[in-house]
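>>> sequence and computational prediction follow.
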Protein chains: 2
Amino acid sequence: MEGSTPRGRTRIQKEKREVILEAALEVFSTNGFRGSTIDQIAEAAGMSKPNLLYYFRRKEDIHETLMHRLLDTWLAPLKELDDIGDPMTELRSYIRRKLEMARDFPRESRLFANEILQGAPRIMAMLEGELKTLVDEKVEVIRGWMRAGKVAKADPWHLIFAIWATTQHYADFDVQVRAVLGPDRGGDGRFEDAARFLEQLFLEGLKPKAN
Amino acid sequence: MEGSTPRGRTRIQKEKREVILEAALEVFSTNGFRGSTIDQIAEAAGMSKPNLLYYFRRKEDIHETLMHRLLDTWLAPLKELDDIGDPMTELRSYIRRKLEMARDFPRESRLFANEILQGAPRIMAMLEGELKTLVDEKVEVIRGWMRAGKVAKADPWHLIFAIWATTQHYADFDVQVRAVLGPDRGGDGRFEDAARFLEQLFLEGLKPKAN
DNA sequence: CAATTTTTTGACCGATTGGACAAACGTTAG
DNA sequence: CTAACGTTTGTCCAATCGGTCAAAAAATTG
């Protein structure tokens, strides 16, 4: 009985689907969608290919499920950007949260980056819909702060892009960051260094203080 | 006669190799290495697969040639960062040049991003060698500016990362940028808006002017 | 022209791919 | 025990992959 793909009915199904998604995240995020094979995912999940296909009937279904889950996590920090509290503190918190996500969920970041890089064929609708709506909303919040003189006037859209770019860089380009920093500076401390730098950059910029 | 791969001897060989590289840049930058097929490249180059393989014997050879060419172009702006001239002007010029590259060579940027995202298996040596050396050198230049009080004190490595991230974002995440900006704001003017914003960000930050 | 070399292609090959399927295995309920 | 259901796997398949090869077609040379 029960339709095609087993819906997370039994306990075992929920568990196995979880194992598969975890394995698929690892594989997809390092090889991209087309560069990953079902066999790779099955092996990483510790099961046979047909067994994996019993839980997800197509390779794309795994990717789609993964992507949908990711998006909620991914947009959460921006959703939290609220009009209550001090504007500059809010912005600083947002930057810190995004940087923590790059540190704690680098695979998710790379999965997302892979998708966007290749033209976002599978999530274009979401970018133009849900994401754009959310950004438009937060742009208005930031604009309010700027009008009130709480934040320097600047393009709010590109401000958001800059925050995304600088924070996600530490997940997506991690290999390059570590290679350039070298063994001594490239250790665990790099995220704290980055946090300090980004805070200064976004708050005060680089122009030397008027002595 | 002549070794395996035809070296750019005849005029026709140089031309065809150029056509292939142009087509491969298009294909590789949108699909990644593993996601691209020789057939795709051959079709984009307007020739048959065996004919393409007559000029480049392996798929990897095309990618390698492309990558080597790219790197020179890619590092050029950083190499130009010189100790002569006003420091803040130099930094502003560097940001502008990098943004222009994102605008004029988005495929090259995405090709590079694809490689890094997947762990840089083919250019790791270059990252740890040539790139690191160049960055270390420029870090010293920037440090000198900071010691001289010409630039606010900050971590020079992360400053460079921030410039890379914010500028390349407009090439690598172009789809997302355009989707979020929408049809009206997402037109050709987005690079000028970005340039204005980035200049303000890196020079003055976002803290409101002390009124 | 004819001889030689370079360029192009159709046909083909073994390996890998995503996926189908039925049979086997395990588990639980009566 | 047995029947029923959920789970797992070995085997197979058609499509696609990177790459080979010999022979045809152009171009070049004398």
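Structure's in. What do you need?

>>> low-confidence ranges, chain A, go.
Within chain A, the ranges that satisfy pLDDT under 70 run A:1-9, A:210-211.

>>> show me how it divides into domains.
Domain ranges of chain A: A:1-57, A:67-204, per automatic domain parsing.

>>> reformat those as TSV; add mean neighbour count and distance to DNA strand C.
C-beta here means a position set from N, CA and C on the backbone, and glycine is covered the same way. Output for the domains of chain A, formatted as TSV (neighbours: other Cβ atoms under 10 Å in any protein chain shown; distance: least, Cβ to the nearest atom of the strand, whole Å):
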stretch	mean neighbour count	distance to DNA strand C
domain A:1-57	16	3
domain A:67-204	18	14
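
>>> reformat those domains as JSON lines; add distance to DNA strand D.
Converted to JSON lines, the domains of chain A look like this (distance: least, Cβ to the nearest atom of the strand, whole Å):
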{"stretch": "domain A:1-57", "distance to DNA strand D": "3"}
{"stretch": "domain A:67-204", "distance to DNA strand D": "15"}
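
>>> would you list the ones you listed in a markdown table and tack on distance to residue B:144?
Formatted as a markdown table, the domains of chain A follow (distance: least, Cβ to Cβ, whole Å):
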| stretch | distance to residue B:144 |
| --- | --- |
| domain A:1-57 | 39 |
| domain A:67-204 | 18 |
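
>>> who's in contact with the most centrally placed residue in chain A?
Centre of chain A computed as the mean C-alpha position; nearest residue by Cα atoms, centre = their mean is residue A:109, 3.8 Å away. Contacts for residue A:109 (Cβ atoms under 8 Å, 6 or more residues apart in numbering or on different chains) come out as A:101-102, A:168, A:171-172.

>>> and of these, the nearest to residue B:87?
residue A:168 (28.2 Å; Cβ to Cβ).

>>> what about that closest one, which helix or strand?
Element membership for residue A:168, per DSSP states H and E: helix A:156-172.

>>> for residue A:197, pull up the helix or strand it's in.
helix A:190-204.

>>> for that helix, packing partners?
Contact partners of helix A:190-204 among helices and strands, from 3 or more Cβ pairs under 8 Å, 6 or more residues apart in numbering or on different chains; DSSP states H and E: helix A:87-104, helix A:156-172, helix A:174-185, helix B:156-172, helix B:190-204.

>>> so the second one versus helix B:156-172, what angle?
So the one you mean is helix A:156-172. 110 degrees (axes from the mean of the first three to the mean of the last three Cα atoms, to 10 degrees).

>>> do the same with the first one
Counting by the same axes, to 10 degrees, helix A:87-104 lies at 80 degrees to helix B:156-172.

>>> what do you get for the third one?
Here helix A:174-185 runs at an angle of 180 degrees relative to helix B:156-172 (the same axes, to 10 degrees).

>>> identify the residues contacting helix A:174-185?
In this structure, residues lying in contact with helix A:174-185 by Cβ under 8 Å, 6+ apart are A:106, A:169-170, A:186, A:190, A:193, B:116, B:119-120, B:124, B:127-128, B:131-132, B:135, B:157, B:160-161.

>>> I figured residue A:158 hits residue B:191, correct?
No: Residue A:158 is beyond contact range of residue B:191, at 10.4 Å (criterion: Cβ atoms under 8 Å).

>>> host element of the closest residue to residue A:21 other than its chain neighbours?
Nearest residue to residue A:21, sequence neighbours excluded (Cβ to Cβ, 6 or more residues apart in numbering or on different chains): residue A:66, at 5.9 Å. Per DSSP H and E: residue A:66 is located in helix A:59-80.

>>> now for that helix, which elements pack on it?
If you count contacts as 3+ Cβ pairs under 8 Å, 6+ apart, helix A:59-80 packs onto helix A:11-35, helix A:87-104, helix A:106-117, helix A:132-147.

>>> which residues are contacting it?
Contact partners of helix A:59-80, identified using Cβ under 8 Å, 6+ apart, comprise A:5, A:20-21, A:24-25, A:28, A:33, A:36, A:38, A:41, A:56, A:93-94, A:97-98, A:101, A:105, A:108, A:111-112, A:115, A:122-123, A:126, A:130-131, A:134-135, A:138, A:160.

>>> quick one: that helix to helix A:156-172, angle?
Orientation of helix A:59-80 against helix A:156-172 (the same axes, to 10 degrees) gives an angle of 130 degrees.

>>> if we can go back for a sec, dump the helices and strands packed on helix A:59-80 to CSV, plus distance to residue B:199.
CSV is the format used below for these (distance: least, Cβ to Cβ, whole Å):
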stretch, distance to residue B:199
helix A:11-35, 34
helix A:87-104, 19
helix A:106-117, 25
helix A:132-147, 17
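
>>> ok, which of those helices comes nearest residue B:10?
Among the helices and strands packed on helix A:59-80, helix A:11-35 comes nearest to residue B:10, with 35.6 Å by Cβ to Cβ.

>>> who's in contact with the helix or strand following that closest one?
Sequence-wise, the next helix or strand downstream of helix A:11-35 (DSSP H and E) is helix A:38-45. Helix A:38-45 has contacts (Cβ under 8 Å, 6+ apart) with A:19-20, A:22-24, A:26-28, A:31, A:48-49, A:51-53, A:59, A:62.

>>> pull the most distant pair out of those residues.
Largest pairwise distance in the contacts of helix A:38-45, by Cβ to Cβ, is 21.0 Å, between A:31 and A:51.

>>> need the contact list for the nearest residue to residue A:191 once chain neighbours are set aside.
Excluding the flanking residues, the one nearest residue A:191 by Cβ to Cβ, 6+ apart is residue A:103, at 4.9 Å. By Cβ under 8 Å, 6+ apart, residue A:103 lies in contact with A:170-171, A:191.

>>> one more pass at 10 Å, please.
Residues near residue A:103 by Cβ atoms under 10 Å, 6 or more residues apart in numbering or on different chains: A:109, A:167, A:170-171, A:174, A:188, A:190-192, A:194-195.

>>> now, among those residues, which is nearest to chain B?
Among these, residue A:194 lies closest to chain B (Cβ to the nearest Cβ), at 5.4 Å.

>>> that closest one and residue A:169: what is the separation?
9 Å (Cβ to Cβ, to the nearest Å).

>>> quick check: neighbours shared by those two?
Common neighbours of residue A:194 and residue A:169, using Cβ under 10 Å, 6+ apart, are A:99, A:102, A:177, B:158, B:161-162.

>>> from the residues you listed, which is closest to residue B:143?
Using Cβ to Cβ, these come closest to residue B:143 at residue B:158, 12.9 Å.

>>> hmm, back to that, and the helix holding residue A:66 with helix A:106-117, angle?
On the basis of the same axes, to 10 degrees, helix A:59-80 is oriented at 100 degrees to helix A:106-117.
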